[in-house]
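Participant: how would this look folded up:
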Amino acid sequence: MPLEFRSPLLLVTEEAIPPVYRFSLTEKIAIEIADKGHPVYLVCVKGNGDFSHRDIQYHPVEINGWSLFDLKKRAEANIRLILKAVQLCRKEDIRLVYGWWPVLFFTRLTGRKIVSDMPEFIDVMYKSFNKPYSKFVGLCLRLFQRTVAGLSEYVITESDISRAIWCSRKIPYEKTIAIPYGVDVEAFINSSRNENFREDYGIGKDEPVIMFHGDIGIDDGVDILIEATRGIGAKTVIIGDGDKKYMQYLKKISSKDVIFTGWIPYREIPGILLNADIYVAPFRSSLYTNSTFPIKQMEAMAAGRPVVMSELHAFSRYVTDKGDCRLVMPGDANNLRSVISELIVNPEERKRLGQNAQRTARKSFDWRIRAGKEASLLIETADKLAKQGK
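Facilitator: Now for the predicted structure:
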């Protein structure tokens, strides 16, 4: 490909880079694009520490007290991401912008083409996290997201069910692409156990530990997990955070055997997950959970933990009950309790499931699978636009 067609790509994300609370796939996609010899700009929220790559132009925005669950902070972040992205579009010969869809609307107004990353339907997510005026705001978000999708060259989703929903919202099928999400599998496979974790949280050496980590919304079903494990003879560790009112409710219904750690830096999560005797992803069944690939259980599987998870449409097609995990009926606390109880008293079965889970994670959930496909799509699209002079 002649050099004149190597028009820079701009990647924009609300994710913090370097990661703070969770893995950033956008960071990996940027690296994949750069390693393929294509110039790339990366606009994001500034994370912990510094990020550098000799072929990536890194343009972070700093948000003091950044939180995924503070609407004011998120609004501030999006405004600053928009200003940074628009500034770069006006200054540089950028033909294609990819990433966080609210920002894409404004970069599209500069005349740049866009590819949207839309793993979830934001109106559903807004309601799931118990945000105010969900009916009205959800409708506005749905219309806005639909507008951005309509302006996009491609809409990248995680499942066929998402593609079908976008088709029902009048987005041409050929403009949608389904690529399952991925995580940093090797980081979890090669991690060492955090030996201080149990002592730090007052957990006995031989006490079974049931664990959950990540964003906490209503659809995540943490209240179901708390109900299912009450008096079961184990510590239930909840890592992460969510809406203030929902978190207050969860703590109110919890016994002394439930431990809330709050957010823990992402870099520490691999070593902490190794303290879990059983990992549980107790999702409710919803459009969000049935159409996406939640990071939580993929990371737990990569860490070799025996995972108990709700049987949901998209993700469950990649795993096998009693093979590499245990699948339970979404929202059924009794079913969940029964399966957890079986595993607590059967360490050999836990070991077998964990080993199989790790193999599945390496085969199906490694970030390189998705990042490679997305990088190729973005480079091909940018080069095509450059050839056409758009």
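Participant: from here on, contacts and neighbour counts on C-alpha atoms
Facilitator: Fine.
Participant: Buried ones in the helix or strand where residue 81 lies, by neighbour count?
Facilitator: Applying DSSP states H and E as the criterion places residue 81 in helix 71-91. By neighbour count on 16 or more other C-alpha atoms under 10 Å, the buried set for helix 71-91 is 73-74, 77-78, 80-86, 88-89.
Participant: Next SSE downstream of that helix?
Facilitator: Next element after helix 71-91 (DSSP H and E): strand 96-100.
Participant: Can you tell me what sits against that following strand?
Facilitator: With contacts defined as C-alpha atoms under 8 Å, 6 or more residues apart in numbering, strand 96-100 is touched by 8-14, 26, 104, 107, 112-118, 378, 381-382, 385.
Participant: low-scoring stretches of the stretch 1-150 of the chain, by residue?
Facilitator: Along the stretch 1-150 of the chain, segments meeting pLDDT under 70 span 1-6, 128-131.
Participant: What segments of it are helices?
Facilitator: 25-35, 71-91, 101-108, 122-128, 134-151 (DSSP state H, counting those that start in this stretch).
Participant: Point out the one among those that comes closest to residue 248.
Facilitator: Proximity to residue 248 (C-alpha to C-alpha) singles out helix 122-128 among those, at 15.8 Å.
Participant: before we move on, back to that, residue 257: which of the helices of the stretch 1-150 of the chain is closest?
Facilitator: Per C-alpha to C-alpha, nearest to residue 257 of the helices of the stretch 1-150 of the chain: helix 122-128, 26.0 Å.
Participant: Who are the packing partners of the closest one?
Facilitator: helix 134-151, helix 287-291 (3 or more C-alpha pairs under 8 Å, 6 or more residues apart in numbering; DSSP states H and E).
Participant: Now do the strands in the protein.
Facilitator: 9-17, 40-46, 56-61, 96-100, 113-117, 154-157, 176-178, 209-216, 235-242, 258-262, 278-281, 307-310, 326-328 (DSSP state E).
Participant: Redo those as JSON lines? Include mean neighbour count and distance to residue 163.
Facilitator: Formatted as JSON lines, the strands of the chain follow (neighbours: other C-alpha atoms under 10 Å; distance: least, C-alpha to C-alpha, whole Å):
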{"stretch": "strand 9-17", "mean neighbour count": "25", "distance to residue 163": "22"}
{"stretch": "strand 40-46", "mean neighbour count": "24", "distance to residue 163": "27"}
{"stretch": "strand 56-61", "mean neighbour count": "19", "distance to residue 163": "31"}
{"stretch": "strand 96-100", "mean neighbour count": "25", "distance to residue 163": "17"}
{"stretch": "strand 113-117", "mean neighbour count": "25", "distance to residue 163": "12"}
{"stretch": "strand 154-157", "mean neighbour count": "25", "distance to residue 163": "7"}
{"stretch": "strand 176-178", "mean neighbour count": "19", "distance to residue 163": "6"}
{"stretch": "strand 209-216", "mean neighbour count": "23", "distance to residue 163": "24"}
{"stretch": "strand 235-242", "mean neighbour count": "22", "distance to residue 163": "28"}
{"stretch": "strand 258-262", "mean neighbour count": "16", "distance to residue 163": "34"}
{"stretch": "strand 278-281", "mean neighbour count": "26", "distance to residue 163": "24"}
{"stretch": "strand 307-310", "mean neighbour count": "25", "distance to residue 163": "22"}
{"stretch": "strand 326-328", "mean neighbour count": "22", "distance to residue 163": "25"}
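Participant: re the thing from before, which of the helices and strands packed on helix 122-128 sits most buried?
Facilitator: helix 287-291 (a mean of 21; mean count of other C-alpha atoms under 10 Å).
Participant: Please save the CA atoms from it in CSV.
Facilitator: What follows is helix 287-291, C-alpha atoms only, in CSV (Å, rounded to 0.1, in the frame of the first residue of the first chain):
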residue,chain,number,x,y,z
LEU,A,287,-31.4,-7.5,26.3
TYR,A,288,-28.0,-6.3,27.6
THR,A,289,-26.9,-9.5,29.2
ASN,A,290,-28.2,-11.7,26.3
SER,A,291,-26.5,-9.8,23.6
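Participant: dump the residue contacts of the closest residue to residue 204 other than its chain neighbours.
Facilitator: Nearest residue to residue 204 in three dimensions, chain neighbours excluded: residue 198, at 6.7 Å (C-alpha to C-alpha, 6 or more residues apart in numbering). Contacts for residue 198 (C-alpha under 8 Å, 6+ apart) come out as 204-205, 275.
Participant: one step back: select, out of the helices of the stretch 1-150 of the chain, the one closest to residue 215.
Facilitator: That would be, of the helices of the stretch 1-150 of the chain and by C-alpha to C-alpha, helix 122-128, which comes in at 11.0 Å.
Participant: And for the closest one, what's in contact with it?
Facilitator: 134-135, 137-139, 141-142, 145, 217-219, 287-288.
Participant: try 6 Å
Facilitator: 134, 138, 141-142, 217-219 (C-alpha atoms under 6 Å, 6 or more residues apart in numbering).
Participant: Please identify which of these is nearest to residue 352.
Facilitator: Using C-alpha to C-alpha, those come closest to residue 352 at residue 219, 28.8 Å.
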